[in-house]
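Undergrad: Pasting the sequence and the predicted coordinates here, then a few questions.
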Amino acid sequence: MSVSGSSSAMRVAQDEIAVRTAPRRSFDVTGEVASVVREHGFVRGTAHVFCRHTSASLLVTENADPTVREDLARWFERLAPTGDAMFRHTAEGPDDMPAHARTLLAGHSLLLPVADGELVLGTWQGVYLWEHRAAPHTRRLFLTLTGEFELPR
Amino acid sequence: MSVSGSSSAMRVAQDEIAVRTAPRRSFDVTGEVASVVREHGFVRGTAHVFCRHTSASLLVTENADPTVREDLARWFERLAPTGDAMFRHTAEGPDDMPAHARTLLAGHSLLLPVADGELVLGTWQGVYLWEHRAAPHTRRLFLTLTGEFELPR
Amino acid sequence: MSVSGSSSAMRVAQDEIAVRTAPRRSFDVTGEVASVVREHGFVRGTAHVFCRHTSASLLVTENADPTVREDLARWFERLAPTGDAMFRHTAEGPDDMPAHARTLLAGHSLLLPVADGELVLGTWQGVYLWEHRAAPHTRRLFLTLTGEFELPR
């Protein structure tokens, strides 16, 4: 597939998205990421989305049935329980250390393929920001697009 | 190490691999990925392999003793058990939601370094597609190669 | 933000870092990675750091309170216990298979954004190599920098 055409240039563009979260909720950011891709005239390569926080995740999961994310929330709670006696880093509250652990479990960074100016995702894949803390935060996502961009006409 | 030489060009190439899976089995795809790298004349950079599904993983693990992957299968079953009462997303069966959770745990996307036209892996690292569902599927892996390619002579 | 300027060139550079570890300890390698970025005159893009081993992790977590990493160590021990009877791959000792599982859990590869010649991290994010084995090892990290580099003047 794919080769550089004469109407594109190989370069890098960077941008930032800020998301205001709610406690322990997930936010579909697929559309926001796709918008940044389009606005930059990015045609082909990879979109890196990096969450600059250690208690919120960026992840890809099923986007059709919201029960999937409710189940994942319960699973996170089982694997890294709020207020677990094992955790001694409790200065910021009983949800702080479980949030760090859940961030490791589910990841904080995604690399998504882009072709023909669109994210290449499976039919049922959505991109989610997951707030692991028990309070709302503003989470900053840093995007790096690497590959071929449309040339200005 | 490395600098662009005059006999290479910086660009992006993309390709796709389809793998027919068997229930809850892992498949060594190291050779398939290395073949795509070679076929495209890709010399230096990164190979991104992205699984377009939310119930199959792409992961790197030990490739010498198959018992490692049998142990991982048992570990996945313990951490996200088939038919666990915690999971309410059961429309597609008792293996559906555990498959989503295991995909999060083990990942669905890999970025592999390439140098001198070869994947840069440790001696004991293999690249595996892991089918988490209890039925066979055709899993599509989308590859993006970013970096230096041989120039056509 | 960002566009290629006339004083930069799009290319790839690669390098390697070796870290001598201690048993089940974590090592802050943020400075080492930032040094490689600077030495190569890398200005903008992504830094890929890939651990060429299946029993050591590369991860990003909180860098302010060392208790966070002590808690993570206990959490790893709970989720993949040393000497667990479930694990049959024991040829290299009771810490071998848990180390493979923990590597899957916490990851073995990172992609970090770089802008203006610096790693783009959150205030509290540190980059850690985590030795999961019960003996010291020399762990090799393979770096690929992709994007814009300063032109030699």
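TA: Nice, I can see it. Residues are numbered from 1 along each chain as shown, chains lettered A, B, ... in the order given.
Undergrad: Tell me if stretch A:76-96 is near chain B.
TA: Yes - counting by C-beta under 8 Å from any C-beta of the partner chain, chain B has neighbours in stretch A:76-96: A:Arg78, A:Leu79. C-beta coordinates here come from the backbone N, C-alpha and C atoms, glycine included.
Undergrad: now stretch A:9-27
TA: Yes - residues of stretch A:9-27 contacting chain B under C-beta under 8 Å from any C-beta: A:Met10.
Undergrad: what comes up buried for that stretch?
TA: Neighbour counts over stretch A:9-27 (16 or more other C-beta atoms under 10 Å in any protein chain shown) mark A:9-15, A:17, A:19, A:21, A:24, A:26-27 as buried.
Undergrad: does A:Leu145 count as helix, strand or coil?
TA: strand (DSSP: H, G, I helix; E, B strand; the rest coil).
Undergrad: quick one: contacts for it?
TA: Taking C-beta atoms under 8 Å, 6 or more residues apart in numbering or on different chains, we find A:Leu145 in contact with A:12-15, A:36-37, A:40, A:42, A:45-48, A:114.
Undergrad: Need the pLDDT of the residue of chain A at minimum distance from chain C.
TA: In chain A, the residue found nearest to chain C is A:Arg52; the distance is 3.4 Å by C-beta to the nearest C-beta. pLDDT recorded at A:Arg52 is 98.
Undergrad: what about it, neighbour count?
TA: Here the number of neighbours of A:Arg52 (other C-beta atoms under 10 Å in any protein chain shown) works out to 20.
Undergrad: what about the closest residue to chain B within chain A, which SS state?
TA: Here chain A gets closest to chain B at one residue, A:Gly122, 3.4 Å apart by C-beta to the nearest C-beta. Under the three-state scheme (three-state DSSP), A:Gly122 adopts coil.
Undergrad: Mind checking if stretch A:65-84 is in reach of chain C?
TA: Yes - counting by C-beta under 8 Å from any C-beta, chain C is contacted by stretch A:65-84 at A:Leu79, A:Ala80.
Undergrad: hmm, back to that, sort out for me which of the contacts of A:Leu145 are in strands.
TA: A:Val12, A:Ala13, A:Gln14, A:Asp15, A:Phe42, A:Gly45, A:Thr46, A:Ala47, A:His48, A:Val114 (DSSP state E).
Undergrad: what does chain A put close to chain C?
TA: Checking chain A against chain C by C-beta under 8 Å from any C-beta, the hits are A:9-16, A:48, A:50, A:52-54, A:79-80, A:86-89, A:91, A:97, A:100-101, A:103-105, A:107-109, A:111, A:140, A:142, A:144, A:146.
Undergrad: List buried residues within the residues you listed.
TA: Taking 16+ other C-beta under 10 Å as the criterion, what is buried in the residues of chain A next to chain C is A:9-15, A:48, A:50, A:52-54, A:79-80, A:87, A:89, A:97, A:100-101, A:103-105, A:107-109, A:111, A:140, A:142, A:144, A:146.
Undergrad: contacting residues for the nearest residue to the residue of chain A closest to chain B once chain neighbours are set aside?
TA: Closest residue to A:Gly122 apart from its sequence neighbours, by C-beta to C-beta, 6 or more residues apart in numbering or on different chains: B:Arg52 at 3.4 Å. Contact partners of B:Arg52, counting by C-beta under 8 Å, 6+ apart, are A:Val120, A:Leu121, A:Gly122, A:Gln125, B:Arg139, B:Arg140, B:Leu141, B:Phe142.
Undergrad: Identify those among the buried ones among the residues of chain A next to chain C that sit within helices.
TA: Taking DSSP state H as the definition of helices, these contribute A:Leu79, A:Met97, A:His100, A:Ala101, A:Thr103, A:Leu104, A:Leu105.
Undergrad: Report the contact partners of the last one.
TA: The neighbours of A:Leu105, taking C-beta under 8 Å, 6+ apart as the test, are A:Ser57, A:Phe76, A:Leu79, A:Ala80, B:Leu104, B:Leu105, C:Leu105.
Undergrad: I'd assumed A:Thr61 was in contact with the fifth one.
TA: What that stands for is B:Leu104. Yes - using C-beta atoms under 8 Å, B:Leu104 is in contact with A:Thr61, at 6.6 Å.
Undergrad: Mutual contacts of the two, please.
TA: A:Leu72.
Undergrad: bridging residues for A:Pro113?
TA: Under DSSP bridges, the beta-bridge partners of A:Pro113 are A:Thr46.
Undergrad: What is the burial count for it?
TA: Using other C-beta under 10 Å, A:Pro113 has 23 neighbouring residues.
Undergrad: per-residue confidence for it?
TA: 98.
Undergrad: I'd assumed A:His48 was in contact with it.
TA: No - applying C-beta under 8 Å, one finds A:Pro113 not in contact with A:His48, separated by 11.0 Å.
Undergrad: Okay, now the unreliable bits of chain A?
TA: A:1-6, A:153 (pLDDT under 70).
Undergrad: separation between the residue positioned nearest the centre of chain A and A:Ala64?
TA: For chain A, the residue sitting closest to the mean C-alpha position, by C-alpha atoms, centre = their mean, is A:Leu58 at 3.1 Å. According to C-beta to C-beta, to the nearest Å, A:Leu58 and A:Ala64 sit 20 Å apart.
Undergrad: now A:Ala22
TA: Applying C-beta to C-beta, the value for A:Ala22 to A:Ala64 is 22 Å.
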